[in-house]
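Chemist: using only what follows, build the 3D model:
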Amino acid sequence: MKLTREIRKQLVKRVKSFGWRVAVMSVVILLDFGTENAAGIEIPDVLTVIIGLVSGELTKYLNRK
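Modeler: Numbers count the residues shown, from 1 in each chain. A predicted model of the protein is given here:
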């Protein structure tokens, strides 16, 4: 199966989007870990995931501008 130029272009966009989301989620997890250990603020895991997902969507929005 040969990939057309359009399919390859779409695939590259999807991989880049996934990379951004993973990077932002990692930053949020690291910030959560840092604040949990430094100040004793315990953010629930579910809230950390939600913040990470929202941050990913924000970077996606900002990347399109």
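Chemist: list the buried ones in stretch 13-27?
Modeler: Residues 20-21, 24-25 are the ones in stretch 13-27 that count as buried (16 or more other C-beta atoms under 10 Å). All C-beta atoms are positioned from the backbone trio N, CA, C, and that covers glycine.
Chemist: show me those that map onto strands.
Modeler: Among the buried residues of stretch 13-27, DSSP state E puts none in strands.
Chemist: what's the closest of the residues you listed to V49?
Modeler: M25 (7.9 Å; C-beta to C-beta).
Chemist: quick one: the closest one from V54, how far?
Modeler: Remark: distance between M25 and V54 (C-beta to C-beta, to the nearest Å) = 10 Å.
Chemist: just to revisit the earlier point, next, format the buried residues of stretch 13-27 as JSON lines and append distance to N63 and pLDDT.
Modeler: JSON lines is the format used below for those (distance: C-beta to C-beta, whole Å; pLDDT from 0 to 100):
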{"residue": "W20", "distance to N63": "7", "pLDDT": "82"}
{"residue": "R21", "distance to N63": "11", "pLDDT": "82"}
{"residue": "V24", "distance to N63": "11", "pLDDT": "83"}
{"residue": "M25", "distance to N63": "15", "pLDDT": "84"}
